[in-house]
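# generate a structure from the sequence data that follows.
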Amino acid sequence: QLQLEESGGGLARSGGSLTLSCVVSGVNLDYYAFGWFRQAPGKAREGCSAISRSGGITQYIGSVKGRFTISRDDARRTIYLQMTDLKPDDTATYYCVAARDLTWWYSGTYDVEAWGQGTLVTVSS
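Purely as a prediction, here's the structure:
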């Protein structure tokens with residue numbers, strides 16, 4: 001059974017950095033693409049980054065491009081989101097997701113196979 005467990009959230013100052021981790025269990029990672037959604041207080045959940053099965057394709061929403069980096073280490077069964085130059089608008093609960101491909105990203109849907117429980121990131125000004 002596919003399970004995702006995030007960690008690494010916390011409090012950061014504006015301009016600071018955090019790295020989120022997502023440990024994947026229960027499946028062969030070769031068959032899965034992954035991503036990160038986030039949901040700020042009072043706002044809809046949005047996809048902010050994605051990575052393909054091979055890791056050769058990465059995608060970002062405009063507001064995080066150049067500041068966030070998604071990566072995967074299949075040997076460690078872990079997906080990472082390195083966040084730099086954090087801004088108060090990055091304050092949100094971040095969710096790791098898994099899917100067979102990146103269709104969900106390109107179609108702008110929530111149609112993924114699994115969600116993690118979320119990790120809270122708070123950025124103070």
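# what's across from the most centrally placed residue in the chain in the sheet?
When Cα atoms, centre = their mean is applied to the chain, the residue found nearest the centroid is Trp36 (2.2 Å). Per DSSP bridges, the residues bridged to Trp36 are Ser49, Cys96.
# count the neighbours of Ala98 for me.
The burial count assigned to Ala98 is 23, neighbours taken as other Cβ atoms under 10 Å. All C-beta spots, glycine's among them, are computed from the backbone N, C-alpha and C.
# roughly how far does it sit from Gln59?
Distance, Ala98 to Gln59, using Cβ to Cβ, to the nearest Å: 15 Å.
# buried set for the lowest-mean-pLDDT helix or strand in the chain?
For the chain, the helix or strand with the lowest mean confidence is helix 103-107, at a mean of 94 (criterion: mean pLDDT, DSSP states H and E). By neighbour count with 16 or more other Cβ atoms under 10 Å, helix 103-107 contains the buried residues 104-105.
# which outside residues touch it?
35, 47, 50, 59, 97, 109-112 (Cβ atoms under 8 Å, 6 or more residues apart in numbering).
# C-terminal to it, what's the next element?
Using DSSP states H and E, the next helix or strand after helix 103-107 towards the C-terminus is strand 114-115.
# just how off-centre is the helix or strand that that next one is followed by within its chain?
Sequence order places strand 119-124 as the next helix or strand after strand 114-115, per DSSP H and E. Chain-centre distance of strand 119-124: 14 Å, with Cα atoms, centre = their mean, to the nearest Å.
# direction included, what does strand 119-124 pair up with?
Applying DSSP bridges, strand 119-124 is found paired with strand 10-13 (parallel), strand 92-99 (antiparallel).
# any chance you could list what contacts the longest one?
Contact partners of strand 92-99, identified using Cβ under 8 Å, 6+ apart, comprise 2, 4-6, 9, 20, 22, 24, 27, 32-41, 43, 45, 47-48, 79, 81, 104, 111-121.
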